[in-house]
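# Structure here, sequence nowhere to be found:
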């Protein structure tokens, strides 16, 4: 319970800090400043790599830090059961798959609430600083897409950490997954030829939530005044398709592992 409360308090703090950091950029726009843009830039923005190396510390921190924190916070979600009652879970429980899906649903609820809090805080910060709402429908759509994309990609990596912890130590599975997560951001830093760059971005799970790179019509209305390059064919439907495929694969592998692994002799 204490851990859950601390996660949600952290979500508020992250939402406030990230929104205030990005607020200066939004309010200095000559035109197009809106709460929708603040929501996008709070946790869903990275600069497109236009030079050999493109790295903006503030943008990278506001994009990556909230996800790294929640990965660390829920990286031991399965491990707690193993440590406290592994014999009960894996020898007395008739349906391991039901246990796995129950844990998955609990993680999903926490992730939705976590990213919803961050998004809601950014909206409140926008209102408090007199930013306009360009469209109520647009605000609801942008907020929903931001939350769902962040939740889905984070859930994939949380599952990866927890499934790996069945074979190696929880600390090592967390370290390896976080390393892979950070390394996967290289296409947002290193400039390659456009076809290769676009392909890597469109297939990369960690870059699917970068909304300003999408070419959806409802996003271009906000992004065009900023002269940000959208990736051709990179839209929200594609992102949900790619992340859905990764999530289905992660769930399938997780179920297979849970049904077959024997861990009751491990020293937790």
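Nice, thanks for sending it over. Owing to the predicted nature of the structure, the values given are computational and were not obtained by experimental measurement. Numbering: from 1, shown residues only.
# Buried residues of stretch 102-113, list them for me.
Using 16 or more other CB atoms under 10 Å as the burial criterion, the residues of stretch 102-113 that qualify are 103-104, 107, 110-111, 113. Glycine gets a C-beta too; all of them are placed from N, C-alpha and C.
# what's in contact with it?
For stretch 102-113, contacts defined as CB atoms under 8 Å, 6 or more residues apart in numbering pick out 4, 7-8, 11, 70, 74, 77-78, 81, 147, 150-151, 154-155, 158-159, 162, 251, 254.
# picking that back up, what about the buried residues of stretch 102-113, which are in helices?
Among the buried residues of stretch 102-113, the ones falling in helices (DSSP state H) are 103-104, 107, 110-111, 113.
# mind putting those residues in JSON lines, distance to residue 190 and pLDDT included?
Supplementary listing: those in JSON lines, determined by distance: CB to CB, whole Å; pLDDT from 0 to 100:
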{"residue": "103", "distance to residue 190": "37", "pLDDT": "85"}
{"residue": "104", "distance to residue 190": "34", "pLDDT": "89"}
{"residue": "107", "distance to residue 190": "32", "pLDDT": "90"}
{"residue": "110", "distance to residue 190": "33", "pLDDT": "91"}
{"residue": "111", "distance to residue 190": "29", "pLDDT": "93"}
{"residue": "113", "distance to residue 190": "35", "pLDDT": "93"}
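# of all the residues you listed, which comes closest to residue 169?
Compare each of these with residue 169 using CB to CB and the shortest gap goes to residue 103, at 19.1 Å.
# can I assume residue 223 is in contact with residue 230?
Yes. Taking CB atoms under 8 Å as the contact criterion, residue 223 and residue 230 are neighbours in contact, 6.8 Å apart.
# Now, of the contacts of stretch 102-113, which are buried?
Burial of the contacts of stretch 102-113 was assessed by neighbour count (16+ other CB under 10 Å); the buried members are 7, 11, 70, 74, 77-78, 81, 147, 150-151, 154-155, 158-159, 162, 251, 254.
# how about the helices of the protein, start to end?
For the chain, helices defined by DSSP H occupy the ranges 2-27, 35-43, 57-73, 77-87, 96-128, 136-164, 170-183, 194-203, 217-223, 236-260.
# Run through who's touching the second one.
Translated: helix 35-43. Residues from elsewhere that reach helix 35-43 (CB under 8 Å, 6+ apart): 14-15, 18-19, 22-23, 25-26, 29, 62-63, 66, 115, 118-119, 122-123, 125-127, 131-135, 138-139, 142-143, 146, 150, 209, 211-212, 219, 222.
# Identify the residues contacting the residue nearest to residue 172 when sequence neighbours are not counted.
When the adjacent residues along the chain are set aside, residue 172 lies closest to residue 164, with 7.9 Å between them (CB to CB, 6 or more residues apart in numbering). The contact partners of residue 164, by CB under 8 Å, 6+ apart, come to 172-173, 176-177.
# now do residue 174
Taking CB under 8 Å, 6+ apart as the test, what residue 174 contacts is 71-72, 75-76, 161, 165.
# do the same with residue 77
103, 106-107, 158, 162.
# same thing but 6 Å
For residue 77, the contact set (CB atoms under 6 Å, 6 or more residues apart in numbering) comprises 107, 162.
# so how far is residue 233 from it?
For residue 77, the distance to residue 233 equals 35 Å [CB to CB, to the nearest Å].
# now residue 212
The separation that residue 212 has from residue 233, given CB to CB, amounts to 15 Å.
# neighbour-wise, which of the two wins?
Legend: neighbour count by other CB atoms under 10 Å for residue 212 and residue 233, higher for residue 212 (21 against 10).
# Where does the prediction get shaky in the stretch 1-150 of the chain?
1-4, 29-32, 79-94 (pLDDT under 70).
# I am finished for the moment; much appreciated.
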